[in-house]
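Q: can you look at this prediction? I've put the sequence above it.
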Amino acid sequence: MRWDIFCHVIDNYGDIGVCWRLSRQLAAEHGISVRLWVDDLASLQPLCPAVDTRLAVQHCQGVELRKWVEPWPDVEPAEVVIEAFGCELPQRYVEAMAIPRPCQPDQCSEDKTTKRVWINLEYLSAESWVEGCHGLASPHPRLPLTKYFFFPGFSAATGGLLREAGLLAQRAARQRQPATGWRQLGLPEPETGQTTVSLFCYDHAPISALLAAWAAASMPVRCLLPMGKALAQAAGWAGKTALKAGDRVMRGNLTLQVIPFLTQADYDHLLWLCDCNFVRGEDSFVRAQWAARPLVWQIYPQADNAHQVKLEAFLARYCQGLSNDDAAAVRRFHGCWNGGGRLLDWDGFWWRRARLQAHAQAWATQLAQAADLASNLVDFCMNQQAPDQSNDSTMQGAGTLGQTAYD
Ligand SMILES: Cc1cn([C@H]2C[C@H](O)[C@@H](COP(=O)(O)OP(=O)(O)O[C@H]3O[C@@H](C)[C@H](O)[C@@H](O)[C@H]3O)O2)c(=O)[nH]c1=O
């Protein structure tokens, strides 16, 4: 089985972060031959330093990496085509997708051709409307093609979350042996009584206010800050012109340690080891949930404050099971961190750490009851390809979106 995944990098690392993780998992766990087409290989390199940005074709961790170039070359489309986050596929590729493929013995339909499956992998949202839209079909206005909308999400009625097989067991093992983990990351173990936090955020976050709150905290805090845009504000707060990996700043009860940008795997390990993780966007946000440690999410900002609704939808799910008081503290802290304008009350948040920790653990366990996104995606695509299913029958349950998706 061959799949093509297309990734147009809008900004930052989330688009490629999700595509790269999904590609690797499909190859490693589902035996799929994946070609990942990326229009900006440089954005992948920090996550996977083995990537050579000069190469048009290369193989990395079981995935065939391709530069998405224009003009688009002649390429035989794969059986399954994923456009990530609504990126527009090359027109010539779409035309080629419409040409019937000779069938495999087990996939033959009556006309001796098999269908290509075209998926638009959407952004993650905890909002309830996602359940109604997951799996919707949209027929192409001109070509004999149908595009399906696949929504990641937090309930069984959605496409689920990316989670590799054995992830929770690996995490639990590492958390039982933290000393080994810290050594492998090249970082010292925390001192007794010190809270270690990782801080990955956008540069518009109130970073100075957070660092000041930690400096004035009642208990020592070690903040591990990976190289990135947040450094400028942190340097300004520390009274320095710049900060680089390896730099350490001590103020009051805060030790601020700048660390390199880690590979995706090492970043996971960091999240598993920290007591609390500040994460952003989509992929680090999901990984922090699998880390089963308290998290603070900075949501990716959208026009008209649409992100506030998404943030609220997540908090409504996440806070279930917390006491009213703890839930209010979690909401307050997220509100401030996401531009709510009030003071960041770290002590008021963190004295609850034992309960927040137990909750994070229970949340991860609960989420892991659902099937993971890659498995759901494989099942979905196999169903669309099954010879006894016409488009009509597959669309009955899901409904159609009409042709607006191509506008
Ligand atoms: C800090 C760090 C992150 N990472 C990885 C983890 C993730 O795969 C990736 C970061 O991606 P995210 O957490 O999603 O945050 P992000 O903000 O980088 O990404 C995005 O957010 C989306 C919602 C937007 O739509 C995207 O356009 C994009 O902005 O970087 C490392 O591999 N090493 C590191 O040291």
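A: Structure received.
Q: need the nearest residue in space to the residue nearest the centre of the chain, chain neighbours excluded.
A: By CA atoms, centre = their mean, the chain has its centre lying nearest to Asp283, at 1.8 Å. Among residues not flanking Asp283 along the chain, Gly17 sits closest, at 3.9 Å (CB to CB, 6 or more residues apart in numbering). Quick note: C-beta positions are derived from backbone N, CA and C, even for glycine.
Q: against Val286, how distant is the one you found?
A: Distance, Gly17 to Val286, by CB to CB, to the nearest Å: 10 Å.
Q: one more: Leu199?
A: 18 Å.
Q: Val9 reaches Trp37, doesn't it?
A: No - applying CB atoms under 8 Å as the test, Val9 and Trp37 come out as separate, 11.3 Å apart.
Q: ok, these two, which is more surrounded?
A: Trp37 (26 against 22; other CB atoms under 10 Å).
Q: and whichever strand or helix holds the more buried one with the ligand, contact?
A: Counting by DSSP states H and E, the element that carries Trp37 is strand 33-38. No - Strand 33-38 is not in contact with the ligand by CB under 6 Å from any ligand atom; minimum separation 13.5 Å.
Q: can I get that strand in PDB, CA atoms only?
A: What follows is strand 33-38, C-alpha atoms only, in PDB (Å, rounded to 0.1, in the frame of the first residue of the first chain):
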ATOM      1  CA  SER A  33       5.100   2.900   2.000                       C
ATOM      2  CA  VAL A  34       4.800   6.600   2.700                       C
ATOM      3  CA  ARG A  35       6.000   9.500   0.500                       C
ATOM      4  CA  LEU A  36       5.900  12.800   2.500                       C
ATOM      5  CA  TRP A  37       5.900  15.800   0.200                       C
ATOM      6  CA  VAL A  38       7.000  19.000   2.000                       C
END
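Q: partner strands of that strand and their direction?
A: strand 2-7 (parallel), strand 63-67 (parallel) (DSSP bridges).
Q: tell me the mean pLDDT for the last one?
A: With pLDDT averaged residue by residue, strand 63-67 scores 98.
Q: dump it to CSV, restricted to CA.
A: In CSV, the C-alpha atoms belonging to strand 63-67 read as follows (Å, rounded to 0.1, in the frame of the first residue of the first chain):
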residue,chain,number,x,y,z
VAL,A,63,9.7,7.5,5.2
GLU,A,64,10.5,8.7,1.7
LEU,A,65,10.9,12.4,1.9
ARG,A,66,10.2,14.4,-1.2
LYS,A,67,10.6,18.1,-1.9
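Q: which strands or helices does the helix or strand just after that strand pack on?
A: Sequence-wise, the next helix or strand downstream of strand 63-67 (DSSP H and E) is strand 80-84. Applying 3 or more CB pairs under 8 Å, 6 or more residues apart in numbering; DSSP states H and E, one finds that strand 80-84 contacts strand 2-7, helix 14-30, strand 117-121, helix 373-385.
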